[in-house]
Structure formats: C-alpha cells, structure tokens
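S.K.: Quick one, structure for this:
(one chain, ligands or ions: 1)
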Amino acid sequence: MSYPRRPNLYLSEEHVDLRTVIAKFVANKILPNVEGWEHDRKIPPQLYEDMAKAGFYSLRASEPGEDLERKYLPTLILCEELGKCNSLGVALTIMISIDYALSLLDIYGSDFLKATFLKPALRGKAIGAIALTEADCGSDLTQINTRATKSGSHYIIRGSKSFTSNAPISDFVTVLARTSNHGALGLSLFVVPTELAGVSIGPALNKLGLHPSATAEIFFDDCEIHDSHLLGQKGRAMQYLIPHFSLERLIVAALAIGACEHLIEMALNYGMSRKVFGAPILGHQIWRHRLANWLAKLEALRGLTYQAAYLLGIKDPSAHQFVAMAKLQSAQVAQEISRDILQLHGAYGQMQESPIERYFRDLAAFSVGAGTSEIMCEIIANSSLERISF
Ligand SMILES: Cc1cc2nc3c(=O)[nH]c(=O)nc-3n(C[C@H](O)[C@H](O)[C@H](O)COP(=O)(O)OP(=O)(O)OC[C@H]3O[C@@H](n4cnc5c(N)ncnc54)[C@H](O)[C@@H]3O)c2cc1C
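M.R.: Predicted coordinates:
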C-alpha cells in the first residue's frame, strides 16, 4: 500500500518528473545496499560519483537564476526521497557531502578555494565537513575557544572541534575559529585540508543512531594555514552562518517528511495485514485515529516546510522564523510518528533488522543536530516578540 499522495501546490510538472528520477535512483542504487552500509557504518565513495553524474550536486543551481521562490524545491524533493531509504544515516551523509558542506564555499569561496576544494567535490571526488561545535559549546557558538592567530602570511590554528559529521571521511573541513576577541564579530571561517600537518581526526564516535554518518572530533595542534584559506572576510563568520543554518534546517525538515511518509506506508501495510482479535490492527479505532493524526501532522509539516522554503527563496524577513518552525515541528512530528509506528509493529518493531527500530533511533538526533528544539523555540519566540510592542 503506498502513501496517499496529495498534489503539492508549490511543485510544477518538472518537479514531479525530478521526483520520479530521484526515487528511481534511491530504489536502484541506495535501498538495496543500505543494510551493508549500516553494518559497515559507511557508504562507498563510488556513490558520490554516481550522484554527481546524476546531477544531484547542483540541484539548487538547476532552477532558472531569477526564479528565487523555487530555488530550494529540488533540494527538498531530493531530501524527501532520501528520507525513505531506510537509513537516515545514509541520507544525512549524502546531504552533508553534496550540499551542506559545500554551500558556504560556493557562495563565499575565492577562485582558489573553489578550484582546490569545490571543483573536485562537485565531481564526487572529494568530501567536505563543517566543524563549528566544540566540547564546551554547541548552541552558543560565540563562546568557541579554537583560535586562529595571524603570523605573517599564515594563520596558526589551535583548538579542537566535537561532533563533526563526515570528519573521518573528509578531505577538507570548514572550521569556525576565533580571530579576535570581538565576540561574534571575532569569528572567521577557514577551509582546511584534513591532511595538513597539525590536523588530526579522532575515531568515529558511537552514536545512538545515524550509524553510517561518521561523527568525530578534530584536533588542531599549531596547524599553520595560508591566508588564502580564509573563507570570505575575516570576522564575518556568523553573518555567513545564520542563513546557512536555515539551509541545514530545511534539509532536516525535508528528510523528516520523507521518513514519516515511508513509516506511514510501512504502518499501512503491516496494520492492514496483521490481525488482532479478528480484525486488522488498523481496523481498531485507536489505530485509525492515530493514523488520522499522523496524516494530518505530516501534511501540516509538509505545508510549513515548503512555505519556509518559498520565503527563504524570496529572502523574506520572516523566512528564518518559518524555517525554525519547520525544523521544530519536523523533530516533534517525526519522533511521535516513529514512536507510534514502532508500537504498532509490536515485537517485530523492536528487532534490529527492522527499519522501524532504526528510524526510531535515527530520529532522536533530529531535535539536537542543526540547532536544538529549544533553540528553534528561542528563534521563533524572539522574532515574534520583536514584532509586538508592549
Ligand atoms: C548527529 C549529530 C551530528 C552533528 N554534526 C555536526 C557537525 O557536522 N558540525 C558541527 O559543528 N556540529 C555538529 N553537531 C553538533 C550540534 O550542532 C550540537 O549538538 C547542537 O548545536 C547542540 O549543541 P550541544 O550539543 O553542545 O548542546 P548545548 O548547546 O550544550 O545544549 C544542551 C541543552 O541545553 C539546551 N539549551 C541551550 N541553550 C538554551 C537556551 N538558551 N534556552 C533553553 N535551553 C537551551 C539545548 O537545547 C540542549 O537541550 C552534530 C550533532 C549531532 C547530534
């Protein structure tokens, strides 16, 4: 039984065709391999080259230049379809590698940085990562301790980063470092090759879920890097990162939409075939009402996420608030739906061979990564209160 799909008012016929192409790629190249990649806790480099050939690296650039309101839609479609691949660890690694780790370079990178790092990455031949969080601070990045001190034509980076996705597989990492003591204005970004002397990467950390997405610490021990690796202008990091976070949050929301849709399909199939007390599980009123609630919440989340993408595309001042709402809702809705559907599957849902158990674990990180749910509430409340005069 497939998910009862409704027309999406934001999508054109070309978008529907794009969804078909992506869904085929996921069905043929990803789904059959997911169990192996979960077991190995990594995905093979060849997949990136295949995705580059399929044109998935440049989806945001594929909309006509001025068509801002449609700019993010192909990315959302890609995320929705990847969210159905039975492993959000695989889906997230792909999105970090082909989009999130590259977009700052794409916007602010010099010709040198683009030629050295972006160009091979866009061919699927190099992997990037973004290292902002440290052991002592994640939500409040203005408190970071990693420093980049000017020395002639170089900077010397000292410090460490925590929980960096892709770190163990990355060829380069965009690092947030303090270049002066002027609070948020003292922060800068550097693109650092991971093979550079003074850079070392810890082993992949053992997480609750998202196993194929390797997360690790990175250490910078008097790492000397040329000026030309400064991304954009000195002291502008937070100005660059705030819009960048919105992109990351939209990606998370759209992955959650795909995951929920897939989970509901699994619930429909199991819930209509398994009989309890003479009727299918979904024949019992409590489950019928739960199903109704999942569908209503998922469609509300989808509408909010596409509206947020539209507002972000046209650079509306309320866009970041709407993106925060979509991110907040995506974690709440997906965690609730995955918990209910785990319950619907009884003991079968608890088995590690079951994708339901994996979705339940993987989705736990959706209220933490890309900005926690509490921080999303702060963004939404602050921007609402700014508009109200007491
Ligand atoms: C799977 C995964 C992948 C990640 N990948 C990356 C990556 O690639 N690069 C990277 O830099 N980081 C990454 N992170 C780190 C992530 O960005 C941080 O975990 C996140 O920003 C929260 O920071 P923290 O863990 O230090 O929690 P803290 O900031 O210490 O927060 C702890 C708790 O306090 C709450 N809190 C914080 N501030 C407030 C407030 N003002 N009001 C109320 N409550 C508050 C938080 O919501 C949270 O519940 C990843 C994390 C995960 C889980």
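S.K.: hey, let's count contacts and neighbours off CA atoms from now on
M.R.: Fine.
S.K.: Checking my notes, Phe220 in a strand, right?
M.R.: Yes - counting by DSSP: H, G, I helix; E, B strand; the rest coil, Phe220 is found in a strand.
S.K.: What is the neighbour count of it?
M.R.: 22 (other Cα atoms under 10 Å).
S.K.: give me every residue that touches the spatially closest residue to Asp99 that is not a sequence neighbour.
M.R.: In this structure, Asp99 finds its nearest non-sequential neighbour in Tyr57, 6.7 Å apart by Cα to Cα, 6 or more residues apart in numbering. Tyr57 makes contact with Met51, Ile98, Asp99, Leu122, according to Cα atoms under 8 Å, 6 or more residues apart in numbering.
S.K.: And the last one, how close does it get to Asp362?
M.R.: So the one you mean is Leu122. As for Leu122, its distance to Asp362 is 27 Å (criterion: Cα to Cα, to the nearest Å).
S.K.: The two - which one has more neighbours?
M.R.: Using other Cα under 10 Å, the more surrounded residue of Leu122 and Asp362 is Leu122, with 23 against 20.
S.K.: Look up how far Leu102 lies from the more buried one.
M.R.: Leu122 is 8 Å from Leu102, by Cα to Cα.
S.K.: cool, Arg41 as well?
M.R.: Arg41 sits 23 Å away from Leu102, going by Cα to Cα.
S.K.: Name the residue in these two with the higher neighbour count.
M.R.: Ranked by neighbour count (other Cα under 10 Å), Arg41 and Leu102 place Leu102 first, with 26 against 17.
S.K.: Now do the contacts for the more buried one.
M.R.: Contacts of Leu102 by Cα under 8 Å, 6+ apart are Leu118, Ala121, Gly128.
S.K.: among those residues, which are in helices?
M.R.: Among the contacts of Leu102, the ones falling in helices (DSSP state H) are Ala121.
S.K.: nearest to the ligand, of the contacts of Leu102?
M.R.: Proximity of the contacts of Leu102 to the ligand (Cα to the nearest ligand atom) peaks at Gly128, which lies at 9.9 Å.
S.K.: Dig out what that closest one forms beta bridges with.
M.R.: Phe172 (DSSP bridges).
S.K.: so where's the longest helix in the chain?
M.R.: Ordering each helix of the chain by length in residues (DSSP H) puts helix 237-273 first.
S.K.: Report all helices and strands that that one contacts.
M.R.: helix 73-82, helix 88-95, helix 103-108, strand 187-193, strand 279-280, helix 285-313, helix 319-344, helix 355-363 (3 or more Cα pairs under 8 Å, 6 or more residues apart in numbering; DSSP states H and E).
S.K.: the inter-axis angle of that helix versus helix 355-363?
M.R.: Relative orientation of helix 237-273 versus helix 355-363 (axes from the mean of the first three to the mean of the last three Cα atoms, to 10 degrees): 160 degrees.
S.K.: Only the buried residues of helix 237-273, if you could.
M.R.: Neighbour-count burial for helix 237-273 flags 237-238, 240, 245-268, 270-271 (criterion: 16 or more other Cα atoms under 10 Å).
S.K.: can you check stretch 312-331 too?
M.R.: Neighbour counts over stretch 312-331 (16+ other Cα under 10 Å) mark 312-313, 319-331 as buried.
S.K.: Of these, which pair is most distant in space?
M.R.: By the measure Cα to Cα, Gly313 and Ala331 form the most distant pair in the buried residues of stretch 312-331, at 22.6 Å.
S.K.: Would you work out how far apart the start and end of stretch 5-23 are?
M.R.: 14 Å.
S.K.: What lies in contact with it?
M.R.: Contact partners of stretch 5-23, identified using Cα under 8 Å, 6+ apart, comprise Leu73, Pro74, Ile77, Leu78, Glu81, Tyr306.
S.K.: ok, the first one touching Gln307?
M.R.: No - using Cα atoms under 8 Å, Leu73 and Gln307 do not qualify as a contacting pair, with a distance of 10.3 Å.
S.K.: Just list the residues touching the closest residue to Val34 other than its chain neighbours, thanks.
M.R.: Among residues not flanking Val34 along the chain, Ser87 sits closest, at 6.7 Å (Cα to Cα, 6+ apart). Counting by Cα under 8 Å, 6+ apart, Ser87 makes contact with Val34, Glu38, Leu210, Pro355, Arg358, Tyr359, Asp362.
S.K.: List just the nearest of those residues to the ligand.
M.R.: The ligand has its nearest neighbour among those in Leu210, at 6.7 Å by Cα to the nearest ligand atom.
S.K.: Surely the closest one and Val90 touch.
M.R.: Yes - with contacts counted by Cα under 8 Å, Leu210 reaches Val90, the gap being 7.5 Å.
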